[in-house]
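S.K.: with the input below, show me the fold.
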Amino acid sequence: MHQRLKEMNCENYQILLSDLVDGTLMAEDCARVEVHLSSCPDCVGARDDLRVIIDFCREQRGRYDAVPNERAMWLRISNLIEAEKSSPARSQAPGEAGWWFRLMNRSWQLSFPQLAGLVSAIVLVVAIATAFSVYRLSSIASPQVAGFVPTSGGASIEDRYQQRQQMIAYWNQRVELNKARWNPQMRETFDRNMSVIDAAVTDSMKQLSQNPHDSVSEDILNDALNDKVALLKEFSDL
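M.R.: Just a heads-up that it's a prediction; the model follows:
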């Protein structure tokens with residue numbers, strides 16, 4: 001006897017239904033289960049459902065592939081997991097690996113603010129490098145400003161021009177980053193104004209190369225460079 005049946009509830013009786021339907025339940029237990037079934041509709045329904053399932057399985061036997069051996073499958077999975085755990089190459093980098101190996105195998109996860117800061121830093125570095133390059137190239141490839149004499153303030157027009165070119169290069173870099181978002185009308189407005197300013201700069205430089213003491217051309221050049229910086233600043237945020 002599985003246990004004292006008089007102390008059992010419906011859940012305990014339903015555990016024995018499988019043996020009852022298969023005919024493997026002990027005779028004494030079988031009689032007591034039948035007595036319980038005579039007064040319990042719920043357990044009778046469970047027994048009938050179990051019989052339907054068993055009958056269906058017997059009828060369908062041989063029509064479908066056998067279910068894989070789940071125990072053998074689990075053993076294979078367990079072996080694979082243990083093999084992964086025991087592999088030193090998976091758990092840590094080789095002792096002789098250099099900094100490049102550790103860097104390339106590191107998991108990089110950046111938040112949006114961190115990514116934005118990184119992009120801003122890159123833009124700033126590129127702008128500084130561009131300004132320095134423009135300064136170097138202007139010093140070498142701009143003979144028209146090589147003969148400028150110092151002004152009354154002590155700094156030559158050439159020096160002030162080079163300083164302003166560095167600022168222009170920085171703001172021009174900012175503008176180029178946003179230029180792709182502009183509509184055609186905005187792009188046309190910017191290009192038209194920039195062409196007028198560049199023409200004034202070129203004309204002033206030409207006049208000063210011929211007459212370094214031309215104060216009118218010097219004022220025009222300063223105003224044009226100031227206008228160019230102001231225009232770039234205005235369009236850099238658009």
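S.K.: now do the same for Glu59: its pLDDT.
M.R.: Looking at Glu59, its pLDDT stands at 78.
S.K.: which residues does it contact?
M.R.: For Glu59, the contact set (C-beta atoms under 8 Å, 6 or more residues apart in numbering) is empty. To be clear about C-beta, it is placed using only N, CA and C from the backbone, and glycine gets the same treatment.
S.K.: shouldn't it be within a strand?
M.R.: No - counting by DSSP: H, G, I helix; E, B strand; the rest coil, Glu59 falls outside a strand, being helix.
S.K.: which residues in the chain form helices?
M.R.: 10-15, 17-22, 27-37, 41-60, 70-86, 88-91, 99-104, 112-141, 157-178, 184-210, 215-236 (DSSP state H).
S.K.: the third one - contacts with which helices or strands?
M.R.: Pointing back at helix 27-37 there. Counting contacts by 3 or more C-beta pairs under 8 Å, 6 or more residues apart in numbering; DSSP states H and E, helix 27-37 packs against helix 10-15, helix 17-22, helix 41-60.
S.K.: pick the most deeply packed of those.
M.R.: Highest mean neighbour count of the helices and strands packed on helix 27-37: helix 17-22, a mean of 16 (counted as mean count of other C-beta atoms under 10 Å).
S.K.: below-threshold pLDDT in the protein: ranges please.
M.R.: 1-7, 61-75, 77-78, 81, 84-157 (pLDDT under 70).
S.K.: as a markdown table, the helices and strands packed on helix 27-37 with distance to Ala200 would be great.
M.R.: Output for the helices and strands packed on helix 27-37, formatted as a markdown table (distance: least, C-beta to C-beta, whole Å):
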| stretch | distance to Ala200 |
| --- | --- |
| helix 10-15 | 97 |
| helix 17-22 | 99 |
| helix 41-60 | 93 |
